[in-house]
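Q: have a look; sequence and predicted model below, questions after that.
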Amino acid sequence: MDVHVVDTVEDAMTEVARLQPHIVLLDLNLPGSGAEETLKRIPELQEKSPDAKIVAMTGYPPGYLQEEAAKYGADFTSKMDMDSEKKILTMLLHMIRNSRNSMEQNMRLIEAALETPKK
């Protein structure tokens, strides 16, 4: 399993098209793009990598952008704080260590770590 990090929404678009990832952890407040603009780009991400599961991450209070994220096609949303960052990093480390997991097993790990499945 490879992990790639980008700094902007534009870089995310390029890398998602190039890499065809299984999972995209998308910070809704990337430099140069506000949350609303980033949300509106989720369908474009899905078009570039139809099999990718998109996790929209935000520092906003729970519920604030979750409906919007689901409306635009995010598979999951997560409030980003120190606890959730630790959960996500732990989950990614586990997935990397067990890279023979199926996509279904990895998605169960994400659901458990985020505890906010798409409605």
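A: Nice, thanks for sending it over. Numbers count the residues shown, from 1 in each chain.
Q: what helix or strand is the residue lying closest to residue 74 once chain neighbours are set aside located in?
A: What sits nearest to residue 74 in space, not counting adjacent residues and going by Cβ to Cβ, 6 or more residues apart in numbering, is residue 56, at 3.9 Å. To be clear about C-beta, it is placed using only N, CA and C from the backbone, and glycine gets the same treatment. Here residue 56 sits within strand 53-58, counting by DSSP states H and E.
Q: in its sheet, what does that strand sit against?
A: If you go by DSSP bridges, strand 53-58 pairs up with strand 23-27 (parallel), strand 76-79 (parallel).
Q: still on that earlier bit, would you confirm that the residue nearest to residue 74 contacts residue 76?
A: Yes. Using Cβ atoms under 8 Å as the test, residue 56 is close enough to residue 76 to be in contact (7.2 Å).
Q: looking at the two, which has the bigger crowd around it?
A: Here residue 56 and residue 76 are set side by side on neighbour count (other Cβ atoms under 10 Å), and the busier one is residue 56, at 27 against 23.
Q: contacts only, for that one.
A: Taking Cβ atoms under 8 Å, 6 or more residues apart in numbering as the criterion, residue 56 is in contact with 26, 28, 39, 42, 65, 69, 74, 76-78.
Q: and which of the residues you listed is nearest residue 108?
A: Nearest to residue 108 out of those is residue 76 (Cβ to Cβ; 11.9 Å).
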